[in-house]
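Undergrad: need coordinates for the below:
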Amino acid sequence: MLDAYPILTQDLSYKEEIKKSRFITYLMHALGKEQAMLALQKIKRLHPDARHYCWAYIAGSPNDSVQMGCNDDGEPKGTAGKPMLSLIQGAKIGEVLAVVVRYSGGIKLGTGGLVHAYSNGIRQLIKTMQVQEKCFYAQYKLQCDHGQMALIENVLKDYSAHIVDIEYTYQVDVILAIDVRQCASFLLKIASLTQGKVYVTKITDTVE
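TA: Numbering: from 1, shown residues only. Modelled structure (predicted):
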């Protein structure tokens, strides 16, 4: 089952200076690794003179480790990418890219200082970010008698579902989009109320 998860509603940025180094943190929506890398390249073009572009992403569900990645971009190993990834994992958001741009001020920050510097901006943005739930829907085609349509519409009110298309001929052909978490319950209820007289075909899984 595809579980819903929160995604960003807008891209965010945060700036700070630590021991003469400037850090600019970006938190952005990114669906898929390719989109994340394109967004990273865009940030690099905005800051051509920066010394480091450290990043971390969760390109899909926050529960899918296959779609996660991070990079220290020349900073000491483990001081940037991994702490950044850990923070966005902890926020339990999906389809997100975090990038921290560093303009070096010539003063060494040390391992602990770097971890703090690359983490703090993300912490601040997580506090202020706005999210919305991304739900996954399955599409079904229902074929029923005209008299059964009112019953189906009434049942729909109790579910996260909506009519995608409807065609009236000698019967009614309805295409519905239903939250995948509710499909089993919905189909059982329809079968029970219509005594199995509604013909149901699954079309596909879609995302909305």
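Undergrad: can you tell me, leaving aside adjacent residues, what's nearest to Thr128?
TA: Leu12 (6.9 Å; Cβ to Cβ, 6 or more residues apart in numbering). Using the backbone N, CA and C atoms, a C-beta is placed for each residue, glycine as well.
Undergrad: one more: Tyr118?
TA: Leaving aside its sequence neighbours, Tyr118 sits nearest to Ala80 (Cβ to Cβ, 6+ apart; 4.2 Å).
Undergrad: my guess is Leu87 meets Ile126, correct?
TA: Yes: assessed by Cβ atoms under 8 Å, Leu87 is found in contact with Ile126 at 6.8 Å.
Undergrad: partner strands of the host helix or strand of Gln143, parallel or antiparallel?
TA: When elements are assigned from DSSP states H and E, Gln143 belongs to strand 136-144. Its sheet considered, strand 136-144 pairs with strand 172-179 (antiparallel), strand 199-207 (antiparallel) by DSSP bridges.
Undergrad: dump the lowest-mean-pLDDT helix or strand in the chain to PDB, restricted to CA.
TA: Lowest on mean pLDDT, DSSP states H and E among the helices and strands of the chain sits strand 199-207, with a mean of 82. Provided in PDB are the C-alpha atoms of strand 199-207 (Å, rounded to 0.1, in the frame of the first residue of the first chain):
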ATOM      1  CA  TYR A 199     -19.400  -4.500 -11.800                       C
ATOM      2  CA  VAL A 200     -16.100  -3.100 -10.600                       C
ATOM      3  CA  THR A 201     -12.800  -2.900 -12.600                       C
ATOM      4  CA  LYS A 202      -9.500  -1.500 -11.300                       C
ATOM      5  CA  ILE A 203      -8.000   0.900 -13.800                       C
ATOM      6  CA  THR A 204      -4.800   2.100 -12.300                       C
ATOM      7  CA  ASP A 205      -3.000   3.700  -9.300                       C
ATOM      8  CA  THR A 206      -2.700   7.500  -9.700                       C
ATOM      9  CA  VAL A 207      -1.300  10.300  -7.600                       C
END
